[in-house]
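Asks: here are the coordinates; sequence isn't available:
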DNA sequence: AGCACGCCGACT
DNA sequence: GTCGGCGTGCTC
């Protein structure tokens, strides 16, 4: 400790509290001079404790008098680059979150959770006299004898156990306090399977009993492809059980071997190298617009507005090749849901092992490995979901956001960033090209393109001149009048039948899972509501339960109304399970695959179901949201949307936009290959513009109309929006504090703003917490006012003294044209 | 967020 | 008298 000369590091400490959200100065010991860099993760003494922090600046003179020293540098290479540190400050300001929270969101989880603190029984503890210990200490020891060990946090849950007691017990050798590091082992054991005698596979198959269907399937697979394959891949590819393979190994037809290898999710897969495909004139023009800023090495953003099937991916691939030729790197963001093996394969096939893939299916350690390849410059392309925008490259030339309108680019937890905003910041920082690709861009993106902030490139043709599917609206009010009270219109039934009779496939889309949407008593009119959330419960037929889709609450379907004991309690509305049942009744023999959260929650189920459908094992694919995008099956010639208005009436200013996007995206699933496609849209709101414009393939018309409405109602992108959400376990306290906060805001918000609320949030109670919402609107393009709002909101947050009150702020309609670099961080 | 310090009630 | 409850305030 001392004040003498030397280098000083500014450190953001790993304490996500408002009081500690600022850099602290530490002396850098001479022996660490070369190791400590901006972005380094370090251990520092902080008050009476030792904590982790990130170096955000290095300077010569300290701000405070007495300085402590950095104790340790934790990694070989700093996990953050100076650019990402700067970005952290930007995000903290922009999204009103703690700097440490922003920085932590940029690195893989294994680096932040760093270690779990564990309390273990000391080996000597068994032989010691316990009588002198306090009651709480004894009860903890009893627990440890049973469990062996427990997490530090759990130990503290014992009455009377606190940190000082634990430390004392550790000094007296009753327990061991241990810091356990996360799984950062880079080796993995994988079993490989191969045929023993490839030439005898046919004979082997013949020798099996007729009942060994699965075994024969495996042998036939190897006949076609007599190479070795990793066991997990074999299982997921064929959907067979491990035991099936084991039987074949024991019978001597196959052999397997366990090998230790460096974890690489794709190492054992073979990729056919692909060459660039020739581009159509339209595609070439788009390619040229992207490549121009890359060659000039200056920032530019491009909205690539291309109809479904217009070949955007090939353009991305060729633009990336250009970037790599310059020795720069590319980041590709795709929505998690479309980060399918097919998608990844396309990139891997073109660029081989120069690609790192970051998706949620990876284990913590695998993710860390991929991330490290980026950090160490071993790869040139990073492809992944939202958080891949933080890929620690140093020389980015191109950032691509595919399906840029997707709501999954917005993070729902703190920091509540939008990957699009972060991408813009990084692209500006690097002088890179930013490509926003979509068939149905977000309204704000279209508007800012119209205002000239993005180059707007349209792709209006599908590759190989395939026609757009014919789209048809069926007005369900009309059906009702004709006496058809089922969920299928006559048109849909007709088309479904003829589609299946031609031997082709259909996709049916319904945005609600479960069997019915709500359960109501016909006697008293009360609906069943989740006891924790104030949301109607959904009936699930398979196990006769009612479930809350928000918190997971489930109970048996009651036999009588809990309010009036009447037996006349019934479910209403339509979910995927009910459609499935109805299909089975009306079309006996029809083979249906249902895909929703309930059928795809098991690992690999998603892929297996899609593979089954793709290989013709079903006539109909019935599903929710998750089947809307990215699917490409040549045999699909009919798409049916069972209730197009299911999301139209939600209390969300983006409801119309979402409906238009959804209809356009699902319609893109039909007739992508040689056979022409047809789309049937059932709705009770047949004349709504979002549905009409989608059916007419008139996106310009939709954006025009939607812009007018957004402007009229004062919504983004024509107004800026802060959405405040307050939640509290007690309704009365919440109401009172909501009123107080509104009064404070009313007094302190800058001029030119409007405060709306507080009103109950769209979900008024969630997981036993009541919720209130407030909106602050401010004029467009007015970043001065936005900045003043942020100051006011920070002050508001400082005034909260109720530990039970949770307060979160969402931002919308951030203005695009302002140069982020002139703002915020120092 | 932790953790120490400090100030009041109920126990040997 | 002291053990232990949790309010208050600080962390380079």
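Replies: Noted; the coordinates are in hand. The shown structure was predicted, so the numbers you read here are calculated from the model rather than taken from an experiment. Numbers count the residues shown, from 1 in each chain, chains lettered A, B, ... in the order given.
Asks: tell me which parts of chain A are close to DNA strand B?
Replies: Counting by Cβ under 7 Å from any atom of the strand, the residues of chain A close to DNA strand B are A:15, A:16, A:17, A:19, A:20, A:47, A:48, A:49, A:163, A:164, A:803. Where C-beta positions appear, they are placed from N, C-alpha and C, glycine not excepted.
Asks: Make TSV out of these and add secondary structure.
Replies: Shown next, in TSV, are the residues of chain A next to DNA strand B (DSSP: H, G, I helix; E, B strand; the rest coil):
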residue	secondary structure
A:15	coil
A:16	coil
A:17	coil
A:19	helix
A:20	helix
A:47	coil
A:48	coil
A:49	strand
A:163	helix
A:164	helix
A:803	coil
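Asks: Drop anything exposed from those residues.
Replies: Buried residues within the residues of chain A next to DNA strand B, counting neighbours by 16 or more other Cβ atoms under 10 Å: A:15, A:20.
Asks: so what pLDDT did residue A:785 get?
Replies: Listed pLDDT for residue A:785 reads 92.
Asks: who in chain A is up against DNA strand C?
Replies: Near DNA strand C, when you scan chain A using Cβ under 7 Å from any atom of the strand, you find A:15, A:17, A:19-20, A:24-27, A:44-47, A:62-64, A:66-68, A:134, A:160.
Asks: What subset of these is buried?
Replies: With burial judged by 16+ other Cβ under 10 Å, the buried subset of the residues of chain A next to DNA strand C is A:15, A:20, A:24, A:25, A:26, A:27, A:44, A:46, A:62, A:67.
Asks: Show me these that map onto strands.
Replies: Among those, DSSP state E puts A:24, A:25, A:26, A:27, A:44, A:46 in strands.
Asks: Surely the fifth one is in contact with residue A:68?
Replies: Yes - using Cβ atoms under 8 Å as the test, residue A:44 is close enough to residue A:68 to be in contact (6.9 Å).
Asks: joint contacts of those two?
Replies: Both residue A:44 and residue A:68 are in contact with residue A:26, where contact means Cβ atoms under 8 Å, 6 or more residues apart in numbering.
Asks: from the buried ones among the residues of chain A next to DNA strand C, which single one is nearest DNA strand B?
Replies: residue A:15 (4.4 Å; Cβ to the nearest atom of the strand).
Asks: Check whether that closest one really touches residue A:46, as I assumed.
Replies: Yes - assessed by Cβ under 8 Å, residue A:15 is found in contact with residue A:46 at 7.3 Å.
Asks: about what we covered before: max pairwise distance over the ones in strands among the buried ones among the residues of chain A next to DNA strand C: which two?
Replies: A:27 and A:46 (14.1 Å; Cβ to Cβ).
Asks: Now the top helix by length along chain A: buried residues?
Replies: Counting residues, the longest helix found in chain A (DSSP state H) is helix A:731-748. For helix A:731-748, a neighbour-count test (16+ other Cβ under 10 Å) marks A:734, A:735, A:737, A:738, A:741, A:742, A:745 as buried.
Asks: And for stretch A:400-418?
Replies: A:400-406, A:408-411, A:414-418.
Asks: Tell me the one of those residues nearest residue A:93?
Replies: residue A:415 (10.7 Å).
Asks: I'd say the closest one and residue A:101 touch.
Replies: Yes - using Cβ under 8 Å, residue A:415 is in contact with residue A:101, at 5.4 Å.
Asks: overlap in contacts of those two?
Replies: residue A:92.
Asks: Show me the helices in the stretch 301-450 of chain A, by range?
Replies: In the stretch 301-450 of chain A, helices defined by DSSP state H, counting those that start in this stretch lie at A:312-325, A:341-351, A:364-375, A:419-430, A:443-450, listed in chain order.
Asks: so what does the longest one touch, helix or strand wise?
Replies: If I follow you right, that is helix A:312-325. helix A:281-296, strand A:300-306, strand A:329-333, helix A:341-351, strand A:396-402, strand A:433-438 (3 or more Cβ pairs under 8 Å, 6 or more residues apart in numbering; DSSP states H and E).
Asks: How far away from the center of its chain is that helix?
Replies: 25 Å (Cα atoms, centre = their mean, to the nearest Å).
Asks: So which bits of it are buried?
Replies: For helix A:312-325, by 16+ other Cβ under 10 Å, it's A:312, A:313, A:314, A:315, A:316, A:317, A:318, A:319, A:320, A:322, A:323, A:324.
Asks: and the third one, what does it touch?
Replies: Which is residue A:314. So residue A:314 contacts A:276, A:277, A:279, A:283 (Cβ under 8 Å, 6+ apart).
Asks: hmm, back to that, Throw the helices and strands packed on helix A:312-325 into CSV and include mean pLDDT, thanks.
Replies: Converted to CSV, the helices and strands packed on helix A:312-325 look like this (pLDDT from 0 to 100):
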stretch, mean pLDDT
helix A:281-296, 94
strand A:300-306, 95
strand A:329-333, 98
helix A:341-351, 86
strand A:396-402, 97
strand A:433-438, 96
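Asks: Including distance to residue A:469, could the ones you listed go into JSON lines?
Replies: Putting those into JSON lines (distance: least, Cβ to Cβ, whole Å) gives the following:
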{"stretch": "helix A:281-296", "distance to residue A:469": "20"}
{"stretch": "strand A:300-306", "distance to residue A:469": "16"}
{"stretch": "strand A:329-333", "distance to residue A:469": "28"}
{"stretch": "helix A:341-351", "distance to residue A:469": "21"}
{"stretch": "strand A:396-402", "distance to residue A:469": "22"}
{"stretch": "strand A:433-438", "distance to residue A:469": "19"}
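Asks: Quick one: closest of those to residue A:497.
Replies: helix A:341-351 (30.3 Å).
Asks: separation between residue A:646 and DNA strand B?
Replies: 39 Å (Cβ to the nearest atom of the strand, to the nearest Å).
Asks: Please apply the same query to residue A:666.
Replies: 44 Å.
Asks: Touching, that residue and residue A:509? I think so.
Replies: Yes - with contact defined as Cβ under 8 Å, residue A:666 reaches residue A:509; the gap is 5.2 Å.
Asks: Need the overlap of contacts for the two.
Replies: Both residue A:666 and residue A:509 are contacted by A:628, A:639, A:641, under the criterion Cβ under 8 Å, 6+ apart.
Asks: Apart from its chain neighbours, what residue comes closest to residue A:744?
Replies: residue A:796 (5.9 Å; Cβ to Cβ, 6 or more residues apart in numbering).
Asks: what about that neighbour, which helix or strand?
Replies: Residue A:796 is part of helix A:783-798 when elements are defined by DSSP states H and E.
Asks: by contact count, what packs against the helix or strand following that helix?
Replies: Proceeding N to C from helix A:783-798, the next assigned helix or strand is strand A:806-812, under DSSP H and E. On a contact count with 3+ Cβ pairs under 8 Å, 6+ apart, strand A:806-812 meets strand A:720-728.
Asks: Give me the contact list for the strand it packs on.
Replies: A:715, A:734, A:737-738, A:741, A:757-758, A:761, A:766, A:769-780, A:782, A:785-786, A:789, A:793, A:802, A:804-815.
Asks: List only buried entries from these.
Replies: By 16+ other Cβ under 10 Å, the contacts of strand A:720-728 give A:715, A:734, A:737-738, A:741, A:757-758, A:761, A:766, A:769-778, A:782, A:785-786, A:789, A:793, A:805, A:807-815 as buried.
Asks: What residue in the stretch 601-750 of chain A comes nearest to DNA strand C?
Replies: residue A:733 (15.7 Å).
Asks: So residue A:205 is in contact with residue A:218, correct?
Replies: No - using Cβ under 8 Å, residue A:205 is not in contact with residue A:218; the gap is 9.2 Å.
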